[in-house]
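[1] Need the 3D shape of this:
(2 chains)
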Amino acid sequence: MINWSDKLSTTVKNIPPSGIRRFFDLVTETKGVISLGVGEPDFVTPWHVREACIYSLEKGYTMYTSNWGMLELREEIARSLYHNYKVSYEPANEVLVTVGVSEAMDLALRAVVAFGDEVLVPEPCFVSYGPCTSLAGGIPVPIPTTEDNDFRVTAAQIEEKITPKTKALILSYPNNPTGATISREELMEIAKVVKKHDLIVISDEIYDELTYEGTHTCFASLPAMKSRTILLNGFSKAYAMTGWRLGYACGHPEVISHMTKIHQYTIMCAPITAQMAALEALQNGTDEMKKMVAEYDRRRRLVLKGLGEIGLSCFEPRGAFYAFPSVRNTGMTSEEFAEKLLIEAKVAVVPGNVFGANGEGHIRLSYAASVENLTEAIERMGRFISKSGLRSEDLAASG
Amino acid sequence: MDQKDREILEVLQDNSRLSFEQIAAMLGMDRQDVENRIKELEEKRIIAKYNSLINWEKAGEDVVSAIIEVKVSPQRGAGFDKLAERIYRFPEVRAVYLMSGRYDFSVLIEGTNMKDVAFFVATKLATIDNVLSTATHFVLKKFKQEGVILEDKEEDRRLVISP
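    All right, here's what the predicted structure looks like:
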């Protein structure tokens, strides 16, 4: 009889399971739920993209590609980044096609983090940054961003956490789960700190196209930042291609070649079918993508107004497709609120603490859902809140 | 017509049941402004009608549609317009389009059975002065109408919760 707990790696055992897991089971068991807990578009991949993929299968594109990904795709990625941000990457050795940004993030961390290195992780953030840092042997150092500063990390907050062991900083704007964006000016301040302390920046910009107010600034486009930035992006959110698992990393040839080494031994290459589809998305998908973005923007406004009307204060999300309202004035914790809301009102949201300790007191609500479902869900939430009662002084404060 | 009007029309074309409040919220506009603009668009007949797209076949009702190609000789002075009016005034006629190419009008007719439709074409349409010929094409199956795929209710296949 084997005793697995003796056999398993301590590093892996120490990684906490995703906080979403338990909640996922609970939602699955409940009937008649409207879920606003989904972290992906409610659109299906545009037909022309699916059709291009089917055609590639008919033509027999079923083999490996270069470890880096198809050159034609890397050229399109470079072209699109230059078009959007005037940052130029050499397709031959500065672009690596990966299995989603998830893989790209793992590769980036494994390529730069040595045992004991510290990685600065502004929170709340996507759930993988901390665990992937630990798996790479590093130590994630959370930087709690606050609602007072619209969940943007500041240069001062970053500098405060820097030690001689700090190797890298992860940025992720527009942000999941808060919907926060960050201005060029603020990024310039951060860039100064990054330069002063000789840090690497891993910038996850998967939601870049989903920016509703102002324009997105690509961190690598800032003066002198391209060489120390590993830029991560992909097709999941803007082109509604989550299940295709396709992303990419761009950066200095030296780091990209080492990331490619890991990629080559662990993944070999991203699936060719997905690469074929992504090529079509970049070449002919802009119009449909913009339509989806316009649609998210409308729902964003609808949800924001609805939340205000039922007494939940919410800072204005300017990107991604999430709202991150505070539930403190209900007197409940994030988990209590989410669980009761699910059971009593049959609306699923994700408790904010899943995305970092300072997400406590918030819930993440995705507006990648139909207008009918959003309207119905907010009505249900409103009834739930008035039944549970808000603390009056807070209600007055939230207006 | 400005950008705001265009956005209102886009939103309404997709879902005409949205309330003024909802549209105002979605487009970041004032409710009263939305109401005034919609009233004006209605008055100008830019918004011609609010109706529902119904799949009668699914409802189990007998509906037969046909597309009739109509060749005509246009009238002096009135061109095609007078002739079109003679045709579109019939309630059986659901749509009339002037076409480029081999024939002139494309006329969509609905009736309860094939005999009805054929009879209508023979007695009412073909007999109009200046109608030279007609060709009737019965619709066998409707797959997509008004941008809506009729049989295909794409269910939400996403995981109920994901990070």
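
[2] Check which helix or strand B:Ala24 maps to.
    B:Ala24 belongs to helix B:20-27 when assigned by DSSP states H and E.

[3] which residues are in contact with that helix?
    Residues from elsewhere that reach helix B:20-27, judged by C-beta atoms under 8 Å, 6 or more residues apart in numbering or on different chains: A:298-299, A:301-302, A:305-306, A:371, A:375, B:4, B:7-8, B:11-12, B:18, B:29-31, B:33-35, B:38. For every residue, glycine as well, the C-beta is placed using N, CA and C.

[4] With stretch A:16-33 instead?
    Counting by C-beta under 8 Å, 6+ apart, stretch A:16-33 makes contact with A:35, A:37, A:127, A:131, A:338-339, A:342-343, A:346-348, A:350-351, A:353-354, B:159-163, all of which sit outside it.

[5] what's the spacing between the helix ranked longest in chain A and its chain's center?
    Assignment by DSSP state H gives helix A:286-309 as the longest helix of chain A. Averaged C-alpha coordinates place helix A:286-309 at 18 Å from its chain's average position (C-alpha atoms, centre = their mean, to the nearest Å).

[6] what angle separates it from helix B:20-27?
    On the basis of axes from the mean of the first three to the mean of the last three C-alpha atoms, to 10 degrees, helix A:286-309 is oriented at 120 degrees to helix B:20-27.

[7] What about the contacts of helix B:20-27, which are in strands?
    Judged by DSSP state E, strands contain none of the contacts of helix B:20-27.

[8] Find the centremost residue of the chain, please.
    Since no chain was named, I'll use chain A. A:Asn176 (4.6 Å; C-alpha atoms, centre = their mean).

[9] hmm, I had chain B in mind actually
    Short answer for chain B (C-alpha atoms, centre = their mean): B:Ala95, at 6.7 Å.

[10] tell me the contacts of the closest residue to it other than its chain neighbours?
    Distances taken as C-beta to C-beta, 6 or more residues apart in numbering or on different chains put B:Leu108 closest to B:Ala95, at 4.0 Å, once the chain neighbours are dropped. Neighbouring residues of B:Leu108 by C-beta under 8 Å, 6+ apart: B:65-68, B:93-96.

[11] give the contact list for the spatially closest residue to B:Leu125 that is not a sequence neighbour.
    Nearest in space to B:Leu125, with sequence neighbours left out and distances taken as C-beta to C-beta, 6+ apart, is B:Thr134 at 5.8 Å. B:Thr134 makes contact with B:68-71, B:121, B:125-126 under the criterion C-beta under 8 Å, 6+ apart.

[12] What's opposite B:Thr134 in the beta bridge?
    Beta-bridge partners for B:Thr134, by DSSP bridges, are B:Val70.

[13] Inside strands: which ones of the contacts of stretch A:16-33?
    A:35, A:347-348, A:350-351.

[14] got the residues of the stretch 201-350 of chain A near chain B?
    Contact residues, the stretch 201-350 of chain A versus chain B (C-beta under 8 Å from any C-beta of the partner chain): A:298-299, A:301-302, A:305-306, A:348, A:350.

[15] Neighbour-wise, give me the winner out of the residues you listed.
    Highest neighbour count within those, by other C-beta atoms under 10 Å in any protein chain shown: A:Val350, with 32 neighbours.

[16] who's it bridged to?
    Beta-bridge partners, per DSSP bridges, of A:Val350: A:Arg364.

[17] what's A:Ala323 sitting at in phi/psi?
    phi -110, psi 150 (degrees, to the nearest 10).

[18] count of residues packed around it?
    For A:Ala323, using other C-beta under 10 Å, the count is 27.

[19] Tell me where the model's unsure across chain A.
    For chain A, applying pLDDT under 70 flags the ranges A:391-399.

[20] Pull up the per-residue confidence for the residue nearest to B:Ala126 when sequence neighbours are not counted.
    Using C-beta to C-beta, 6+ apart and skipping residues adjacent in sequence, the residue nearest B:Ala126 is B:Thr134, 5.1 Å away. Listed pLDDT for B:Thr134 reads 97.

[21] And B:Thr134, how far from B:Lys115?
    Note on B:Thr134: its distance to B:Lys115, by C-beta to C-beta, to the nearest Å, is 16 Å.

[22] Also A:Thr62?
    On the measure of C-beta to C-beta, A:Thr62 and B:Lys115 end up 54 Å apart.

[23] before we move on, what about A:Tyr85?
    Taken as C-beta to C-beta, the span from A:Tyr85 to B:Lys115 is 65 Å.

[24] more crowded one of those two?
    Neighbour count, other C-beta under 10 Å: between A:Tyr85 and B:Lys115, A:Tyr85 has more, with 19 against 10.

[25] nearest residue to the residue of the stretch 151-300 of chain A found nearest chain B other than its sequence neighbours?
    With C-beta to the nearest C-beta, the shortest gap between the stretch 151-300 of chain A and chain B falls at A:Arg298, namely 3.8 Å. Closest residue to A:Arg298 apart from its sequence neighbours, by C-beta to C-beta, 6+ apart: B:Met26 at 3.8 Å.

[26] Now do the one you found, the pLDDT please.
    pLDDT, read off for B:Met26, is 96.

[27] how deep is it tucked in, by neighbour count?
    23.

[28] try the one 5 residues further on
    Around B:Arg31 there are 14 other residues, counting by other C-beta under 10 Å.

[29] For B:Val34, see how far away the residue nearest to it when sequence neighbours are not counted is.
    In space, and not counting its chain neighbours, B:Arg31 is closest to B:Ala24: 4.3 Å by C-beta to C-beta, 6+ apart. Counting by C-beta to C-beta, the separation of B:Ala24 from B:Val34 is 5 Å.

[30] just checking, what packs against the host helix or strand of A:Arg74?
    Secondary-structure assignment from DSSP H and E places A:Arg74 in helix A:71-85. Secondary-structure packing of helix A:71-85 (3 or more C-beta pairs under 8 Å, 6 or more residues apart in numbering or on different chains; DSSP states H and E): strand A:95-98, strand A:247-250, helix A:272-284.

[31] Any chance of JSON lines for the ones you listed, columns distance to A:Ser203 and mean neighbour count?
    Listed next are the helices and strands packed on helix A:71-85 as JSON lines, based on distance: least, C-beta to C-beta, whole Å; neighbours: other C-beta atoms under 10 Å in any protein chain shown:
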{"stretch": "strand A:95-98", "distance to A:Ser203": "15", "mean neighbour count": "27"}
{"stretch": "strand A:247-250", "distance to A:Ser203": "10", "mean neighbour count": "27"}
{"stretch": "helix A:272-284", "distance to A:Ser203": "20", "mean neighbour count": "21"}
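
[32] in chain B, which spans are strands?
    B:64-72, B:93-98, B:105-111, B:131-138, B:144-145, B:148-149.

[33] Is any residue of the fifth one near chain A?
    No: interface with chain A: strand B:144-145 contributes nothing (C-beta under 8 Å from any C-beta), its closest point being 12.0 Å away.

[34] roughly how far is the worst-scoring helix or strand of chain B on mean pLDDT from the heart of the chain?
    The weakest-scoring helix or strand in chain B, judged by mean pLDDT, DSSP states H and E, is strand B:148-149 (a mean of 91). Mean-position distance between strand B:148-149 and its chain equals 14 Å (C-alpha atoms, centre = their mean).

[35] tally of neighbours for A:Pro174?
    Burial of A:Pro174 is recorded as 25 neighbouring residues (other C-beta under 10 Å).

[36] next one: A:Ala294
    Count around A:Ala294 with other C-beta under 10 Å applied: 13.
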